[in-house]
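Colleague: Mind folding the following:
(one chain, ligands or ions: 1)
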Amino acid sequence: MNIGIIGAGHIGSALAGRLTSLGHSVYIANSRGPETLQDLARKTGATPVTTEEAAQRGTDLIVVTIPLKKIPDLPKDLFKDVPAETPIIDTSNYYPMLRDGQLPELETGDLTESGWVQQHLGRPVVKVFNNILADHLAQPGKPAGTPGRVALPVASDDAAAKRKVMQLVEELGYDAIDAGTLRESWRQQPGGPIYCNDLPADKLREQLASLGTERTPEQHAGFLANQAKQEQAMAAQGIKL
Ligand SMILES: NC(=O)c1ccc[n+]([C@@H]2O[C@H](COP(=O)([O-])OP(=O)(O)OC[C@H]3O[C@@H](n4cnc5c(N)ncnc54)[C@H](OP(=O)(O)O)[C@@H]3O)[C@@H](O)[C@H]2O)c1
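Modeller: Have a look, this model is predicted:
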C-alpha cells in the first residue's frame, strides 16, 4: 500500500519502520519539512515529504499522529482531494496537564477525543494505535494464534475504512478488535482499563463489554480523574510530552 504518515515522532516513526518492513511504501511528514527527516528515512526506508504530499501520496491509507492540540494547525483543505474511501487513522490522546491544555468539549465529554479530531479534520477517522506505547508498536507483533498476542481496539463510523484498518492491524501482528463507533471510542481513551495495558483479545473484549457503550457521567469523571493522576505521576518523574 501507499501510506502517508503525518507526524514523525514516537508513533509516526514506529509505524514507518514497521510498515516499510512489511513492504509498504511510506511517505512521512513533520512540521519542519522533509529535509529534517533524513535520519528517519535512512533508519526506516520511509520517504520524507511535506504534509500536503503525505496526504496526496498516501493513496491507500493516511495516518495522522501529531499532538492533539496541533490538529487545528493542519491546513484546512488538507484532505480535499483524498478519495472518500481512503481511511484516515487518528492515534490521538488528550493530555490536558502535560501538553494539550484544557479543551472544553473533552472536559464536558460532549465529544470523544477522536470525535473532536474528526470534527477538525472534516473527515471520518479510524481510531487505533492510541492505546499502545510507541516502544511496543516499534517491535514486530506476533503471528495470529500466538498465545498472549496483544489485541488493539479499532473504532470508526466508517465500516469499510474500519475493515481495511483492521486487516492492517492484523498484518502488523495484533488481534484487531472492532470497538464500535467513534462515539463509543471513549472506552480506549486514557484513564480507562484498556489504555496501554497490552491486553489479549479475550480480556479486551471483556473490558469493552463491561464498560458498556454509552458513557455515563460517572465513567467520564472517573477516566478524567485517573488520567489526571497519571499525568501528575509523569510530571513528578520529569516526563515532558
Ligand atoms: N508516544 C506514545 O507512546 C503514544 C502512544 C499512543 C498514542 N500516542 C498519541 O499519538 C499522537 C502522537 O504522539 P507522539 O508521541 O508520536 O508525538 P511526538 O513524538 O511529540 O511527535 C509529534 C510529531 O508531530 C509533528 N507535528 C506537530 N505538528 C505538526 C503539524 N502541524 N504538521 C505536521 N506535523 C506536525 C511533529 O513534527 P515536528 O517535530 O517537526 O514539530 C512530530 O514529528 C499524540 O496524540 C499522542 O498522545 C502517543
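
Colleague: Just the pLDDT for residue 213.
Modeller: pLDDT, residue 213: 98.

Colleague: what do you get for the one 5 residues further on?
Modeller: We note a pLDDT of 98 for residue 218 in this prediction.

Colleague: What is the neighbour count of it?
Modeller: Close neighbours of residue 218, defined as other Cβ atoms under 10 Å, add up to 8. Every C-beta, even on glycine, is put in place using the N, C-alpha and C of the backbone.

Colleague: if I look at the residue most central in space within the chain, how far off is residue 13?
Modeller: Nearest residue to the geometric centre of the chain (Cα atoms, centre = their mean): residue 91, 1.4 Å. According to Cβ to Cβ, to the nearest Å, residue 91 stands 12 Å off from residue 13.

Colleague: just the helices in the protein please.
Modeller: Using DSSP state H, the helices of the chain run over residues 10-21, 38-44, 51-57, 104-108, 113-121, 134-137, 159-171, 201-211, 217-236.

Colleague: Phi and psi next, for the residue in the chain that the ligand sits nearest to.
Modeller: In the chain, the residue found nearest to the ligand is residue 9; the distance is 1.8 Å by Cβ to the nearest ligand atom. With angles defined as degrees, to the nearest 10, residue 9 sits at phi -90, psi -140.

Colleague: What parts of this protein come near the ligand?
Modeller: Near the ligand, the residues belonging to the chain are 6-12, 29-32, 51, 65-68, 70, 73-74, 91-93, 130, 133-134 when assessed by Cβ under 6 Å from any ligand atom.

Colleague: List buried residues within those residues.
Modeller: Listed as buried from the residues of the chain next to the ligand are 6-8, 10-12, 29-30, 51, 65-66, 68, 74, 91-93, 130, 134; burial here means 16 or more other Cβ atoms under 10 Å.

Colleague: give me every residue that touches residue 186.
Modeller: 109, 112-113, 192, 215, 219-220, 223 (Cβ atoms under 8 Å, 6 or more residues apart in numbering).

Colleague: Report the beta-bridge partner residues of the residue nearest to residue 148 when sequence neighbours are not counted.
Modeller: Closest residue to residue 148 apart from its sequence neighbours, by Cβ to Cβ, 6 or more residues apart in numbering: residue 200 at 5.5 Å. Counting by DSSP bridges, residue 200 is bridged to residue 150.

Colleague: That concludes my questions; thank you for your assistance.
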